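Trainee: Sequence first, then the predicted structure:
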Amino acid sequence: MSVSIRTRLFASLLAVAIASAAGLSWYFLNQLESIGLRALEERLASEARLAAGLLGERGIGGAESLHGALVATDPELPSRLRVLDGAGVAVADSAGEAGLGIDYTERTEVADALAGRYGAFTRFGDDGRFGMFVAFPIRAEGQIIGVAYASAPTVSVTILLAEYRQRLAWALGAFLIATLVLAELLSRWLARPLRRLETGTAALAGGDFSVRVEPVGSRETRAMAEAFNVMADRVEQVVSELKNEERRKSRFVSDVSHELRTPLTAIRGAAETLLDGPVEPDDAERFLSTIVSESDRLARLANDLLALQRIEGATGELPLRRMDLAEISRRAVAALYPLLEERGASVEIAGAAPEVLGDPDRIQQVIANLVDNATRVAEGGMVRIELSAEEDRAVLSVIDEGPGIPEADVDRLFDRFYRTEASRARTSGGSGLGLAIVKAIVTAHAGEIEAGNRPEGGARFTMRLPALKD
Ligand SMILES: Nc1ncnc2c1ncn2[C@@H]1O[C@H](COP(=O)(O)OP(=O)(O)OP(=O)(O)O)[C@@H](O)[C@H]1O
Ligand SMILES: [Mg+2]
């Protein structure tokens, strides 16, 4: 059975309160009883002593008159005084004739007194009531001539205790009610932070990742709330990342299928026309070259996708080599020569940059992609590759004299399959994977890449890589 922490706290507080109240009551009742008995004994002792002193001087010879005097004392007096002779036999008794002549030597306190000591005892007396008995020797000229024997029922102490017990019961009742209220409030107050934590945890478990708990209460509950909040932050972050990833993946898949459809439709159209019947030789050649170029495009697309996947999926294990960006740039331009020739473009390499560590083939791919884009948008124009150093980085910029990048597209340029309006309109456009590959490669090299426009017109793509310290 699961009991709430509040109930447990309430029960514990109540148990502690009741146990301590009961213990204290028991202790004080006992104390009170012994205090009452001691006071009674002191009173009896002083009475017996007083009598013993008086009789020691006067002697107990005149027993008759002594008895008469004792009986005549105030009948309201709670104590009883007996005078015994040297043999322990009662010769005077404040309670009356009946007690006279009784031999008390059997009683320890009387035996003590006859032996010259003070004697005291509590027992049931002849009247059947529980009482306190005190005996004191009566001395005359060094001889023990008798005993002053005082007694009183302890009922006064019992009555006192009973009265006290009753008051205590009332007080305990009031105390219990106050304790109940206090325990209820305290347990609520102590359990509140845990309750909040419980509510928060349940909400998080139920899928509300925005829930946070205010750190209140004791050090432990505060720490728990803080830890909970940290955990909730992480969970929320991971969940949103997963959602983004999910979205990216599904967009990627639909983009890929869309990209595949265009060349496939063109190939299929051309092939069908050729199959349908005789075509002019010129047309046939045109259709066949469409098939070839669209197949090329499909192959390129497949290659690019594969490259992208490899770079992004790589676990940071690039074959690293020391390399000079100027040399890699020259290599990239040389490889692009036929293309540049075709586009009537020229590329100039200027400046110098510190050496960097990386995969030369991949960096060449980056430069080739940037130059390919630049010469495509600005046909017949001039493209510059500028090298420089910036703090602890090597910087490479590719600058063209084209139309530049529309402000609205700057942020999405590096997304897969993203193309600006202008290049989508152009039939010669690529698939929009070039810059995504560029970005993936640069990121894998712990570098950055950004796109922007030059004030004098044309675009500028700037790549920064960590420079090698020697
Ligand atoms: N130098 C540039 N000036 C203006 N726009 C550019 C420039 N470079 C790239 N872009 C724009 O960015 C888009 C994305 O470039 P990216 O290289 O990723 O794709 P792509 O060149 O169209 O195709 P791919 O490179 O896959 O053959 C281009 O379609 C183009 O609209
Ligand atoms: Mg490109």
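Mentor: Nice, I can see it. Residues are numbered from 1 along each chain as shown. Ligands and ions are numbered 1, 2, ... in the order given.

Trainee: so where does whichever residue of the stretch 151-300 of the chain sits closest to ligand 1 fall, helix or strand?
Mentor: Nearest residue of the stretch 151-300 of the chain to ligand 1: Arg300, at 7.3 Å (Cβ to the nearest ligand atom). Every residue, glycine included, has its C-beta placed from N, CA and C. Arg300 belongs to helix 281-313 when assigned by DSSP states H and E.

Trainee: That helix packs against which elements?
Mentor: helix 219-276, helix 434-444 (3 or more Cβ pairs under 8 Å, 6 or more residues apart in numbering; DSSP states H and E).

Trainee: For it, buried residues please.
Mentor: The neighbour-count criterion (16 or more other Cβ atoms under 10 Å) identifies Phe287, Thr290, Ile291, Glu294, Arg297, Leu298, Leu301, Asp304, Leu305, Ala307, Leu308, Ile311 as the buried residues of helix 281-313.

Trainee: Please apply the same query to stretch 98-113.
Mentor: Quick answer for stretch 98-113 (16+ other Cβ under 10 Å): Gly99, Tyr104, Arg107, Glu109, Val110, Ala111, Asp112, Ala113.

Trainee: Strands - which of those residues land there?
Mentor: Among the buried residues of stretch 98-113, none falls in strands (DSSP state E).

Trainee: What parts of the stretch 351-470 of the chain come near ligand 1?
Mentor: Residues of the stretch 351-470 of the chain that fall close to ligand 1, judged by Cβ under 6 Å from any ligand atom: 369, 373-374, 377, 400, 402, 405, 413, 418-420, 423, 429-436, 459.

Trainee: switch to 8 Å and redo it
Mentor: Applying Cβ under 8 Å from any ligand atom, we find that the stretch 351-470 of the chain lies next to ligand 1 at 369-370, 372-374, 376-378, 398, 400, 402-405, 409, 413-414, 418-424, 429-438, 451, 458-459, 461.

Trainee: Ok, the chain next?
Mentor: So the chain meets ligand 1 at 300, 304, 369-370, 372-374, 376-378, 398, 400, 402-405, 409, 413-414, 418-424, 429-438, 451, 458-459, 461 (Cβ under 8 Å from any ligand atom).

Trainee: Within reach of ligand 2, which of those residues are there?
Mentor: Here is what survives when the residues of the chain next to ligand 1 are matched to ligand 2 using Cβ under 5 Å from the ion: Asn373, Gly430, Gly434.

Trainee: The first one and Leu433 touch, don't they?
Mentor: I take that to be Asn373. No - using Cβ atoms under 8 Å, Asn373 is not in contact with Leu433, being 11.6 Å away.

Trainee: How about this structure: which residue is closest to ligand 1?
Mentor: Gly430 (1.8 Å).

Trainee: Find the residue ranges of the stretch 201-350 of the chain scoring beneath the pLDDT cut-off.
Mentor: The model of the stretch 201-350 of the chain has pLDDT under 70 over residues 314-318.

Trainee: The closest residue to ligand 2 within it: what's it in contact with?
Mentor: Using Cβ to the ion, the closest approach of the stretch 201-350 of the chain to ligand 2 is made by Asp304 at 9.5 Å. Contacts for Asp304 (Cβ atoms under 8 Å, 6 or more residues apart in numbering) come out as Ser431, Leu433, Gly434, Ile437.

Trainee: With adjacent residues omitted, what lies nearest to the residue of the chain found nearest ligand 2?
Mentor: At 2.6 Å from ligand 2, Gly434 is the closest residue in the chain, using Cβ to the ion. Distances taken as Cβ to Cβ, 6 or more residues apart in numbering place Asn369 nearest to Gly434, at 4.3 Å, with adjacent residues excluded.

Trainee: excluding its backbone neighbours, what's nearest the residue of the stretch 151-300 of the chain closest to ligand 1?
Mentor: Nearest one to Arg300, counting by Cβ to Cβ, 6+ apart, is Ser431 at 7.3 Å.

Trainee: Torsion angles phi and psi at that neighbour?
Mentor: Phi and psi for Ser431, reported as degrees, to the nearest 10, are phi -100, psi -10.

Trainee: repeat for Ile144
Mentor: In terms of degrees, to the nearest 10, the main-chain angles of Ile144 are phi -90, psi 110.

Trainee: which residues does it contact?
Mentor: Gly86, Leu114, Gly116, Pro137, Ile138.

Trainee: how close does the most centrally placed residue in the chain sit to Glu57?
Mentor: In the chain, the centroid-proximal residue (Cα atoms, centre = their mean) is Met224; its distance is 1.1 Å. Separation of Met224 from Glu57 (Cβ to Cβ, to the nearest Å): 85 Å.

Trainee: got it, and Phe414?
Mentor: 127 Å.

Trainee: Compare the two (neighbour count), which wins?
Mentor: More neighbours surround Phe414 than the other of Phe414 and Glu57, with 19 against 10 (other Cβ atoms under 10 Å).

Trainee: For that one, which non-adjacent residue is spatially closest?
Mentor: Closest to Phe414 by Cβ to Cβ, 6+ apart is Lys439, at 4.2 Å.

Trainee: correct me, but the one you found touches Ile449?
Mentor: Yes - between Lys439 and Ile449 there is a contact at 6.0 Å, judged by Cβ under 8 Å.

Trainee: Domain map for the chain?
Mentor: For the chain, the structural domains run 5-159, 209-313, 315-466, going by automatic domain parsing.

Trainee: Ends of the shortest one, what's the gap?
Mentor: Looking back up the chat, that one is domain 209-313. Domain 209-313 has an end-to-end distance of 29 Å (criterion: Cα to Cα, to the nearest Å).

Trainee: what does the stretch 251-400 of the chain put close to ligand 2?
Mentor: Asn373.

Trainee: rerun that using 8 Å as the cut-off
Mentor: Asn369, Asp372, Asn373, Arg376 (Cβ under 8 Å from the ion).

Trainee: Let's have the residues you listed in a markdown table, adding distance to Asp74, pLDDT and secondary structure.
Mentor: Listed next are those as a markdown table, based on distance: Cβ to Cβ, whole Å; pLDDT from 0 to 100; DSSP: H, G, I helix; E, B strand; the rest coil:
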| residue | distance to Asp74 | pLDDT | secondary structure |
| --- | --- | --- | --- |
| Asn369 | 128 | 93 | helix |
| Asp372 | 133 | 92 | helix |
| Asn373 | 130 | 92 | helix |
| Arg376 | 135 | 88 | helix |
